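[1] starting from these lines, generate the structure:
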Amino acid sequence: MKNIHSITLSVFIKPEEDFEKNKNIFLSFFPFSIEEQKILITEMIATSFEERQIKILEVILEKQKHTTLFLQSLLERLAPEQKQLLLRQRNSRVDDYCCFFIRFDKERLLESNTLFITDSGHCFHLKIHLACYPAKRENAFLILEELFKT
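    Predicted structure coming up:
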């Protein structure tokens, strides 16, 4: 989509969580092979306050064909109620740089591969950098209305 600069998907995986299961769900967001498209999966390790090693997976999509396919797949998986919720909450989900943030409930994804919007921190993080000219929140809202119309 021409209205997207980039899409970033990330997930934090605690030591007690199944890394492979989380990684497989993470990869299921992409309707194409990350490896075949030569897209880098960044794996990082962060140390928590309790000195626990938390793994972080992150992918950044910048090519138009990748962002378009990703968004088409995402929109197909989102229920109409979820799309409406995102539109209603757009004011709190768009920052001053026209980035749109969504959190998907990790438990529901791991149990049933169902996308469900959440405000909790136990989630998959999605950041969509909207291409707005001029870069104003009002212009970002117009793009979102077009994206999420049902």
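[2] from here on, just use CA atoms for contacts and neighbour counts.
    OK.
[3] what segments of the chain are helices?
    19-28, 64-77, 80-88, 90-93, 106-112, 137-148 (DSSP state H).
[4] now the fourth one - C-alpha only, PDB.
    Spelled out, it's helix 90-93. Taking C-alpha atoms only, helix 90-93 is exported to PDB below (Å, rounded to 0.1, in the frame of the first residue of the first chain):
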ATOM      1  CA  ARG A  90      -7.500   5.600  16.600                       C
ATOM      2  CA  ASN A  91      -6.900   8.700  18.600                       C
ATOM      3  CA  SER A  92      -5.000   6.800  21.300                       C
ATOM      4  CA  ARG A  93      -3.300   4.500  18.800                       C
END
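[5] tabulate the helices of the chain (TSV), appending mean pLDDT.
    Output for those, formatted as TSV (pLDDT from 0 to 100):
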stretch	mean pLDDT
helix 19-28	97
helix 64-77	96
helix 80-88	94
helix 90-93	96
helix 106-112	95
helix 137-148	92
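[6] so for residue 54, which of these sits nearest?
    helix 19-28 (10.3 Å; C-alpha to C-alpha).
[7] what's that closest one packed up against?
    In terms of contacts (3 or more C-alpha pairs under 8 Å, 6 or more residues apart in numbering; DSSP states H and E), helix 19-28 is packed against strand 4-13, helix 106-112.
[8] out of the ones you listed, which is the most enclosed?
    Among the helices and strands packed on helix 19-28, strand 4-13 has the highest mean neighbour count (mean count of other C-alpha atoms under 10 Å), at a mean of 20.
[9] between the helices and strands packed on helix 19-28, which one is closest to residue 67.
    strand 4-13 (6.5 Å).
[10] closest one to residue 39 among the helices of the chain?
    Of all the helices of the chain, helix 64-77 comes closest under C-alpha to C-alpha, at 9.6 Å.
[11] specify the angle between that closest one and strand 4-13 in degrees.
    60 degrees (axes from the mean of the first three to the mean of the last three C-alpha atoms, to 10 degrees).
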